[in-house]
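[1] build me a model:
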Amino acid sequence: MEQEKPTKPETDRTFPEDDDTLYREMTVHMPRCYFPTSLGENSILKFAGEEFRRVKNIVCRRYNFNEDKYIRENAGVSPFDSVRGNFEQEVYRRLRKDYAHLSIISIRRSLMEKIRDAVKKENNIIGTFYRNCGVHYREAESAEYETSPIVVVHNSAFYGYGGYESATVYELFIDGNGKLLCTLNGEAGEDFDEPIGQVQTEGLLEIAHWLEEHGFISADVNDDEIVVCEGCGSDNIQTQAWVDPNARTFIGTTGIDRYDNWCDECEDHQPFCTLKEFKERMEEWWNSLDANQMEQITGCRQDKCPAGDNHQGFAETCNEWWENKGYDEKRKIWKEHNDC
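    I've put the predicted structure just below:
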């Protein structure tokens with residue numbers, strides 16, 4: 001008895017003929033929720049547009065639909081044009097604000113900026129395995145560091161461990177296109193370069209800590225990172241902020257209005273400025289004083305200075321007196337003579 005031949009599975013599908021059917025087909029390929037990496041209006045618009053193009057390409061492949069050909073044959077019109085607005089509105093509806101995720105992204109950006117600044121200061125290259133000052137480690141014979149950062153990188157081109165690989169960081173460098181890269185030595189002993197953005201968060205912390213340990217990053221907080229009261233220079237200040245009561249996470253300040261800020265020392269609402277700006281303000285004030293004002297403030301006597309030196313010795317004595325004062329002492333003097 002002759003065997004019946006297996007039927008060939010049907011592969012042709014009819015492209016949706018109306019807008020409602022096409023829209024429903026597109027929503028099938030959307031996730032239930034979206035967690036954007038930025039909540040800015042432009043970022044959201046860009047995200048919705050990219051998601052529209054991603055799903056559109058899926059539908060075209062599913063139905064073997066040549067959109068370019070259709071557009072050429074229909075006066076430049078695509079069947080997707082009439083559903084794009086509704087699709088993007090559905091994207092907005094499914095958006096969720098995961099502030100923990102956004103905090104991680106902010107931390108990663110901060111770490112990558114810190115690493116970039118350190119590499120830039122070292123002529124765009126830092127050896128982290130060999131002490132290869134100023135050149136790639138392959139070009140130099142140098143002593144090894146006792147420890148080197150070990151990180152995990154994610155690259156979808158990897159075949160093992162779902163795209164993750166553990167590796168030792170051999171060096172950090174900025175290439176001719178301004179991209180920050182790290183040279184890694186993988187588990188099989190091979191060397192490869194990867195963008196710093198593919199290093200996992202714990203690895204970025206490991207690199208930053210290593211750079212700080214070896215003096216490439218200062219452990220001190222910069223004056224332009226500290227906020228003080230613009231009126232008196234105190235750091236005993238508070239500002240109103242939005243906080244997620246469920247996640248207990250900081251979202252952002254309420255605004256830039258002075259009434260959102262409070263200084264305990266002034267006991268008043270005050271605008272804020274950076275510590276660097278306030279120090280510069282005090283130095284400008286000090287340098288603007290005349291000899292009589294300096295005499296009154298410091299207690300130094302002009303008549304005690306040698307005659308004929310144009311009061312140079314007096315000025316030097318007063319400046320030395322001022323420079324020997326700490327920040328809070330200078331601030332107290334500044335307040336006494338500025339009606340604060």
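[2] C-alpha from now on. contacts and neighbour counts both.
    Fine.
[3] does the most centrally placed residue in the chain belong to a helix or a strand, and which?
    Against the mean C-alpha coordinate of the chain, by CA atoms, centre = their mean, the closest residue is residue 109 at 2.7 Å. Element membership of residue 109 [criterion: DSSP states H and E] is helix 99-121.
[4] so residue 234 sits right up against residue 270, yeah?
    No. With contact defined as CA atoms under 8 Å, residue 234 does not count as touching residue 270 (10.9 Å).
[5] mind checking which of the two has more residues around it?
    Legend: neighbour count by other CA atoms under 10 Å for residue 234 and residue 270, higher for residue 270 (23 against 19).
[6] check contacts around the more buried one.
    229, 230, 231, 258, 259, 261, 262, 263 (CA atoms under 8 Å, 6 or more residues apart in numbering).
[7] which one (most neighbours) among those residues?
    residue 229 (25 neighbours).
[8] need the nearest residue in space to that one, chain neighbours excluded.
    Closest residue to residue 229 apart from its sequence neighbours, by CA to CA, 6 or more residues apart in numbering: residue 272 at 4.7 Å.
[9] I figured that neighbour hits residue 230, correct?
    Yes. Residue 272 is within contact range of residue 230, at 4.8 Å (criterion: CA under 8 Å).
[10] any buried residues in the helix or strand encompassing residue 54, and which?
    Residue 54 is part of helix 41-62, with elements assigned from DSSP H and E. Buried positions in helix 41-62, judged by neighbour count with 16 or more other CA atoms under 10 Å: 44, 47, 48, 52, 55, 56, 59.
[11] list the contacts of stretch 163-183.
    So stretch 163-183 is in contact with 116, 119-120, 124-130, 136-137, 148-158, 184-187, 191-196, going by CA under 8 Å, 6+ apart.
[12] inside helices: which ones of those?
    By the criterion of DSSP state H, membership of the contacts of stretch 163-183 in helices covers 116, 119, 120.
[13] quick one: buried ones out of these?
    For the ones in helices among the contacts of stretch 163-183, buried by 16+ other CA under 10 Å: 116, 119.
[14] can you redo the ones in helices among the contacts of stretch 163-183 as a markdown table with distance to residue 69 and pLDDT?
    A markdown table is the format used below for the ones in helices among the contacts of stretch 163-183 (distance: CA to CA, whole Å; pLDDT from 0 to 100):
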| residue | distance to residue 69 | pLDDT |
| --- | --- | --- |
| 116 | 46 | 95 |
| 119 | 49 | 94 |
| 120 | 49 | 93 |
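[15] quick one: stretch 104-113 to chain centroid distance?
    Mean C-alpha position of stretch 104-113 versus that of the full chain (CA atoms, centre = their mean, to the nearest Å) differs by 4 Å.
[16] strands paired with the lengthiest strand in the chain, and their directions?
    Determined from DSSP state E, the single longest strand within the chain is strand 164-174. Sheet pairing of strand 164-174 (DSSP bridges) gives strand 125-127 (antiparallel), strand 150-154 (antiparallel), strand 180-186 (antiparallel).
[17] downstream of the lowest-mean-pLDDT helix or strand in the chain, the next helix or strand is which one?
    For the chain, counting by mean pLDDT, DSSP states H and E, strand 249-253 ranks last in confidence among helices and strands (a mean of 71). Remark: after strand 249-253, the chain's next helix or strand is strand 261-263, criterion DSSP H and E.
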